[in-house]
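Need coordinates for the below:
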Amino acid sequence: MPRGRSTFTKRQKEQARQQKQRDKSERKTQRKEEKPEGGVVGEVDEMREMRELAEAQAALFRIGADDDEPSSNELSIPHGTKANDR
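Below is the predicted model:
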């Protein structure tokens, strides 16, 4: 049974639509692959730099921390009481 002209054109339109859809998804995938390379590298560098700065800042705060810490027996005394009251 031969197909009519309308069936042929419908088939061609459907094939063209599917091809456009494949092309579009391919372009989208290609953009996704290209974009993160620059963005991820920049974010990784930025995060590493922030960590390094935070560590340096924490080190500055730890410099005098050993001298300022109260001794262990001072920690055990509750506030508002004297050592002699015990």
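
can you give me the helices in this structure?
Here the chain has its helices, by DSSP state H, at 5-62, 65-68, 72-75.

Please render the ones you listed as CSV that adds mean pLDDT and mean neighbour count to the earlier fields.
For glycine as for every other residue, the C-beta is placed from the backbone atoms N, C-alpha and C. Below are the helices of the chain laid out as CSV (pLDDT from 0 to 100; neighbours: other Cβ atoms under 10 Å):
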stretch, mean pLDDT, mean neighbour count
helix 5-62, 87, 10
helix 65-68, 55, 7
helix 72-75, 50, 8
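
Pull the contacting residues for K13.
Listed by Cβ atoms under 8 Å, 6 or more residues apart in numbering, the contact set of K13 is empty.

Quick check: the gap between it and E49.
54 Å (Cβ to Cβ, to the nearest Å).

what does K10 give?
59 Å.

Check E14 too.
53 Å.

just E34 next, same as before
For E34 relative to E49 (Cβ to Cβ), the value is 24 Å.

repeat for Q30
30 Å.

Then R62?
Using Cβ to Cβ, which is the criterion applied here, R62 is 20 Å from E49.

Likewise for F8?
From F8 to E49 the distance is 62 Å (Cβ to Cβ).

what does K20 give?
As judged by Cβ to Cβ, K20 and E49 stand 44 Å apart.

Repeat that for R27.
Taken as Cβ to Cβ, the span from R27 to E49 is 34 Å.

what does K35 give?
Applying Cβ to Cβ to K35 and E49 gives a distance of 22 Å.
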